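In: Build the 3D model from these lines:
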Amino acid sequence: MFQGMEYVYAVYRTRSFSKAAKELFISQPSLSANVKRIEKKIGYPLFDRSTKPLGLTECGEHYMQSVEKILAAEKEFVDFVNDWGGLKTGNLVLGGSTLYSSWMLPVMMGRFSRKYPQVELVLVEESTANLEEMLQSGKLDLMLDNCELDAELYGRYVVQREHLLLAVPTGSEINRHLEPYQVPAEQIRDGSFLQTQVRAVALEAFREEPFVVLKPENDTRKRAMELCQEHGFAPHIVFELDQQMTSYNITCSGIGSSFISDTLVARVPDNHKVVYYKLDSEKSSRNISIYWKKGRYFSRAMEAFLNGL
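Out: I've put the predicted structure just below:
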């Protein structure tokens, strides 16, 4: 029933018989015949050919779930075999959101690649929700994020502590009254802003200000709402975005204030269009961690990557 599943899976991934045929280096009629042969053996159609792009039937959805489990099991076996070669072959699939994929993972990958140049590294850039789903299904080996995943399902290695700050457009009138609380970017880069003599701003001063926030499923958004609630107000939200970097750029454009991590501030160039304020709350700090799925084979490549941190 699963013999020839690579034909069906290619069509599923590309949502097109013609694209899948090109990818598989076979003719489209030959691919269609192979898929129909499998559907005949199953006794039900796998694809809803009336939709564009091509959709799955209910039977097809369950078939693909089974195929992905088979592929994940096959990958685990390949990882095991590769270990016997002393990391002279194989691959390691890493995932992170835009911020971590842009600024943190490349440094880690470079360090690993210099030591194990024959191991292929794959970087997946996605939202936190999609990354967790990929980690759970076996499509990712390791995931770098600031979220808190279920400790019963995932192992973790804490890379560093991260802190949220309030970023405010320089042109905002409120900055005139809060100048003693403004934190220079260089203090954020060297971590000295965490010293007790650097005063935190009273967040309730911003209750009437417009805010740029991330979407509800994002950890930064959740913490932002809790921080505002702690200070007795609900923020006036003018934008909801997917990525922290976009939120930062919107703030620099003068539209509204945003909650930004010191991870980002430490890596972007100085910008005179934004002012930073320290926040004093347990909710303003969190761990950046590397996660893996418990119970799956922990490859030597995964182990070597973590050991190199």
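In: List the residues that contact the most centrally placed residue in the chain.
Out: For the chain, S97 is the residue whose C-alpha lies nearest the centre (C-alpha atoms, centre = their mean; 2.9 Å). If a contact means C-beta atoms under 8 Å, 6 or more residues apart in numbering, then S97 has E125, E126, S127, T128, L131, D145, Q243, Q244 as its contacts. (Each C-beta comes from the backbone N, C-alpha and C, glycine too.)
In: Can you give me the distance of the fourth one to I188?
Out: Applying C-beta to C-beta, to the nearest Å, one obtains 23 Å for the distance of T128 from I188.
In: Looking at the contacts of S97, which are in helices?
Out: T128, L131, Q244 (DSSP state H).
In: out of those, which are buried?
Out: For those, a burial check counting by 16 or more other C-beta atoms under 10 Å picks out T128, L131, Q244.
In: ok, those vs T51, which is closest?
Out: L131 (27.7 Å; C-beta to C-beta).
In: Give me the pLDDT for the closest one.
Out: The confidence metric pLDDT takes the value 95 at L131.
In: Surely it touches L140?
Out: Yes: the criterion here is C-beta atoms under 8 Å, and L131 meets it with L140 at 6.6 Å.
In: re the thing from before, now, among the contacts of S97, which is nearest to A234?
Out: Once C-beta to C-beta is applied, the member of the contacts of S97 that ends up nearest A234 is Q244, at 20.9 Å.
In: Save the contacts of S97 as a markdown table, and put in distance to G155 too.
Out: Shown next, in a markdown table, are those (distance: C-beta to C-beta, whole Å):
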| residue | distance to G155 |
| --- | --- |
| E125 | 22 |
| E126 | 20 |
| S127 | 21 |
| T128 | 17 |
| L131 | 15 |
| D145 | 14 |
| Q243 | 26 |
| Q244 | 25 |
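In: Out of these, which comes closest to N287?
Out: N287 has its nearest neighbour among the contacts of S97 in D145, at 9.7 Å by C-beta to C-beta.
In: Please report the distance of that closest one from P106.
Out: D145 is 16 Å from P106, by C-beta to C-beta.
In: What segments of the stretch 151-300 of the chain are strands?
Out: Secondary structure of the stretch 151-300 of the chain (DSSP state E, counting those that start in this stretch): strands located at 154-169, 182-183, 210-214, 236-241, 257-261, 274-278, 285-293.
In: Out of the ones you listed, flag the one nearest S50.
Out: strand 236-241 (35.0 Å).
In: So what are the sheet partners of the closest one and their directions?
Out: Using DSSP bridges, the strands paired with strand 236-241 are strand 210-214 (parallel).
In: how close does S113 sit to G138?
Out: From S113 to G138 the distance is 23 Å (C-beta to C-beta).
In: So between these two, which is more surrounded?
Out: G138 (19 against 15; other C-beta atoms under 10 Å).
In: and the residue nearest to that one when sequence neighbours are not counted, which of the three is it?
Out: Distances taken as C-beta to C-beta, 6 or more residues apart in numbering place A72 nearest to G138, at 3.2 Å, with adjacent residues excluded. Following DSSP: H, G, I helix; E, B strand; the rest coil, A72 is assigned to helix.
In: burial measure for A72, as a count.
Out: 15.
In: which ones are touching it?
Out: S137, G138, K139.
In: So which of these sit within helices?
Out: S137.
In: got the strands of the stretch 151-300 of the chain as CSV, with distance to E226, mean neighbour count and mean pLDDT columns?
Out: Shown next, in CSV, are those (distance: least, C-beta to C-beta, whole Å; neighbours: other C-beta atoms under 10 Å; pLDDT from 0 to 100):
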stretch, distance to E226, mean neighbour count, mean pLDDT
strand 154-169, 11, 18, 97
strand 182-183, 21, 18, 98
strand 210-214, 12, 22, 97
strand 236-241, 15, 15, 96
strand 257-261, 11, 26, 98
strand 274-278, 17, 22, 98
strand 285-293, 12, 19, 97
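In: among those strands, which is nearest F17?
Out: strand 285-293 (33.0 Å).
In: can you list contacts of the next helix or strand after that closest one?
Out: As assigned by DSSP states H and E, the chain's next helix or strand after strand 285-293 is helix 300-307. Applying C-beta under 8 Å, 6+ apart, the external contacts of helix 300-307 come out as 79, 82-83, 87, 90-92, 94, 108, 112, 115-116, 119, 141-142, 157, 290, 292.
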